[in-house]
Each structure stands twice: as C-alpha cells, then as structure tokens.
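J.: Structure for this input, please:
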Amino acid sequence: MNSCIRRAVLFCLIPTVLLSGFSTAFAGKSPVDGIIGVLPEQSVSHRIIDETPEKILWALPDKRNVWLTKGPKRVVVLLTSLLNLWYETGGQAIARCSGKLHVPEQALGLPEVGTFNNPNSERIIALQPDLVIASNLPAFRRLIPLLEENKIEYAYFDYVNFYDYNRLLTLFSKLNHTEEKVRQIQEEMRAKVKAIQNSVKGLKPPRVLVTFSTANSISCEVSGSQTCVMLSMLGAENIIPDRFATKNRTRIHFSLERIVCLDPDIILLNTMGEVDECRERLETEFADNQAWAGLRAIKENRFFVLPKEYFLYKPNARFPDALQYLADLLYGKMK
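T.: Residues are numbered from 1 along each chain as shown. So this is what the prediction gives:
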C-alpha cells in the first residue's frame, strides 16, 4: 500500500472532534475548484479615494464609497478590535458592542448597544452618534438604511490582518487629527518588523500547516488570514497553496489525505478553546495515533497551539511582539 494512503487511512482514526471539519476525500476536484486565489492588499492608502480638510472619501469592502467627517465627537464602535484601534489613534467613543475581553480600559464603562453580530438599532439611534464603525457583517449592513435616514455617517471594514491594520490606522489617524503621532508609531513598527525579518533572512523556510479549531471541527487557514500573512512576512511557506485563498474566506476545509502527503515541518493551531487544555488533549492523541506520530512536525515536536492574544484576537500595536513570537517558533532551533 502507498505510504501516503496508508498514513491517510490511519489518520482517519483520530477522534471526530479534531477532524470533522476536514474533507475526507481528495479525488478529482479541489475543495474550492474554480476559485481564483486572492492575496491580501498591502497598500496602506488603497482605500482612501479623496480627501479635503474636513472629510475623507473612503472605499468600503464592497467598493461603495462613503464620505467621513474628520473629528467626530459621538462615535459608536461595534467591534472590540476596531475599538482598540480607534483608541490607539486618539479617538473616544460614546458606546460599544458588548463584551469584556480586550476592551480598552477607558471604554469599559461605556453603554453597550448589542453584540458585534447583532447590534441594537434603537439604542444606537437614540444616542444620536456622528459616526458608527463596524465590521463588514450582514447584521450591520441591514442597519444602513436606518442610519442614512437619520443622517448618521458609518463605515464598515474587513479587519483580518496586518495590512488591514495599517490601512485602518491611517484612516483613523486622519479622522482623529493624530496623523503625525500615528505616522511615527507606524515607522517604529516598520523598523521592528524589518529587524525581525532580517533576523531570519537566509534561514531555511519551514513548510507550515495553520489550522483553526472549534469545539466541533478543524479547518485550514489560507493566505490572507492573520497568521498566514505573518508566515509570509517571515518567509515561511503555508502548505495550503495560494490558489485556495479567496476574497471572503480565510479558512477552508482541505483534503485529509493531501495534508498527510504534504507532511508539514510545523503545525500551528489557533483555537477558540482554552490553549493549555487544547495542547494537552492533542499531545495525548498524537502519542496514541500512528498517523500523527509519523508526521515530521510531531516527530520533531514542532506542533504549537498559538496564544489567543496574538493570533485569535488582533494584536494591534503589539504586532511586532506577535511576529517575534512566531519567528521564534518557526526558526528558534535554527537561529
């Protein structure tokens, strides 16, 4: 029996909680057959269409353009990672989405106006905001007619990776009149990122599988996800080819057999669960399963559960720390 096939058959014995998200066959068509790969936009100013002393014309993810007035005083922010970024650039808010994790200290006492994926329109309108900032989700887009009827400015964003962070940092700094301060922060961050990249230059790039785990399934991350963008910045190779990246998806279900045959040097796992519990559970299962045990990443003890504060949530200003953490995992034994 072919070694890849034999290992794939053994791999299927892993408990379904780990593998139910994977496709069980890789015959003929690919999991996303016919989709053209889309790589992340890197230009910081790509979405700024026009600017006057008072306003900015910004391109939304669906290519609609909105005018945003500089210096808004009453701002509602409906995503915690955007709230952090807004405060990083000197902004203030009058309300936010619900939640306590990673909320800026100054914003903890703000009124809550629903969740990021189920905002409360009545509460938002009652606050009479100048501007509402949100994630690019259907639940928010349904509010747009009501916001327009009440002459409330709005913007929604795809905030996924480092390039998105830089774009939004630039926009928010212009809205908050903190361009010089933020430009200095960006320059310092670029210098730190460049130093990290130089530290691994010339080292053999590892081949990496990045996975994402929930309680019920596991999927593979593709180019454009936060972790995979960081991989590319460090010269590492994601074993899931770029052609599987799509504009609206950063994770896919990929063939189980193909993963076994590709045999990555390193496996990284982002998880919604508790990191330590996830690591302990997987280490036990790896030890008991021949397919996992035969993978290079497992044999060389190069399987890592990533810390949430850097990879599940947005590191924002701590991005260089997150990149250094990943560089140490990828190249630590080689440096």
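
J.: Provide the count of other residues in contact range of residue 308.
T.: Around residue 308 there are 16 other residues, counting by other CB atoms under 10 Å. Backbone N, C-alpha and C define where each C-beta goes, glycine included.

J.: was I right about it contacting residue 276?
T.: No - with contact defined as CB atoms under 8 Å, residue 308 does not count as touching residue 276 (11.3 Å).

J.: What is the neighbour count of residue 119?
T.: 22.

J.: who does it bridge with?
T.: Residue 119 has these beta-bridge partners by DSSP bridges: residue 114.

J.: so what's it up against?
T.: 78, 97, 113, 134, 139-140, 143 (CB atoms under 8 Å, 6 or more residues apart in numbering).

J.: Kindly recompute the last result at 10 Å.
T.: Each residue near residue 119 by CB atoms under 10 Å, 6 or more residues apart in numbering is listed here: 76, 78, 95, 97-98, 113, 132, 134, 137, 139-140, 142-143.

J.: Same question for residue 296.
T.: 206-207, 263-267, 302.

J.: May I have the phi/psi pair for it?
T.: Main-chain torsions, residue 296, degrees, to the nearest 10: phi -60, psi -40.

J.: you'd agree residue 150 is up against residue 130?
T.: No - applying CB atoms under 10 Å as the test, residue 150 and residue 130 come out as separate, 11.2 Å apart.

J.: Now intersect the contacts of residue 296 with the strands, please.
T.: Members of the contacts of residue 296 lying in strands (criterion: DSSP state E): 207, 266-267.

J.: from those, which single one is nearest residue 329?
T.: Taking CB to CB as the measure, residue 329 sits nearest to residue 266 out of those, at 7.3 Å.

J.: these two touch, right, the closest one and residue 299?
T.: No - look at residue 266 against residue 299 with CB under 10 Å: they stay out of range, at 11.8 Å.

J.: So between these two, which is more surrounded?
T.: Taking other CB under 10 Å, residue 266 and residue 299 do not tie; residue 266 has more neighbours (20 against 11).

J.: hey, what's the more buried one bridged with?
T.: With DSSP bridges as the rule, residue 266 is bridged to residue 208.

J.: mind checking how far stretch 153-162 is from the chain centre?
T.: For stretch 153-162, the separation from the chain centroid amounts to 12 Å (computed by CA atoms, centre = their mean, to the nearest Å).

J.: quick one: secondary structure of residue 92?
T.: Under DSSP: H, G, I helix; E, B strand; the rest coil, the three-state class of residue 92 is coil.

J.: How about the one 10 residues further on?
T.: Taking three-state DSSP as the rule, one finds residue 102 in the coil state.

J.: close enough to count as contact, it and residue 83?
T.: Yes - between residue 102 and residue 83 there is a contact at 8.8 Å, judged by CB under 10 Å.

J.: who does the helix or strand containing residue 232 touch, helix- and strand-wise?
T.: In the assignment (DSSP states H and E), residue 232 maps to helix 226-233. Helices and strands touching helix 226-233, by 3 or more CB pairs under 10 Å, 6 or more residues apart in numbering; DSSP states H and E, are helix 162-175, helix 179-200, strand 207-213, strand 218-221, strand 237-238, strand 266-271, helix 308-311, helix 319-331.

J.: Report the angle between that helix and helix 179-200.
T.: On the basis of axes from the mean of the first three to the mean of the last three CA atoms, to 10 degrees, helix 226-233 is oriented at 60 degrees to helix 179-200.

J.: if you look at the contacts of residue 119, which of them are in strands?
T.: 76, 95, 132, 134.

J.: any chance of those residues in TSV, plus neighbour count, pLDDT and distance to residue 69?
T.: Formatted as TSV, the ones in strands among the contacts of residue 119 follow (neighbours: other CB atoms under 10 Å; pLDDT from 0 to 100; distance: CB to CB, whole Å):
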residue	neighbour count	pLDDT	distance to residue 69
76	27	98	15
95	23	98	18
132	26	98	13
134	24	97	17
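
J.: Between those residues, which sits nearest residue 228?
T.: residue 134 (24.6 Å).

J.: got the contact list for the closest one?
T.: Applying CB under 10 Å, 6+ apart, the residues near residue 134 are 76-79, 82, 97, 116-117, 119, 124, 140-141, 143-144, 154-157.

J.: again, 8 Å this time
T.: 77-79, 82, 116, 119, 140, 154-157.

J.: per-residue confidence for residue 8?
T.: Residue 8 carries a pLDDT value of 38.

J.: related to what we said a few turns ago, ok and the helix holding residue 232 relative to strand 207-213, angle-wise?
T.: Using the same axes, to 10 degrees: helix 226-233 against strand 207-213 is 170 degrees.

J.: Could you list the low-pLDDT ranges of the stretch 201-335 of the chain?
T.: 214-217, 243-249, 253-257, 259, 273, 278-279, 281-293, 333-335 (pLDDT under 70).

J.: what about 90?
T.: Along the stretch 201-335 of the chain, segments meeting pLDDT under 90 span 211-225, 239-263, 269-303, 305, 308-309, 312-314, 332-335.
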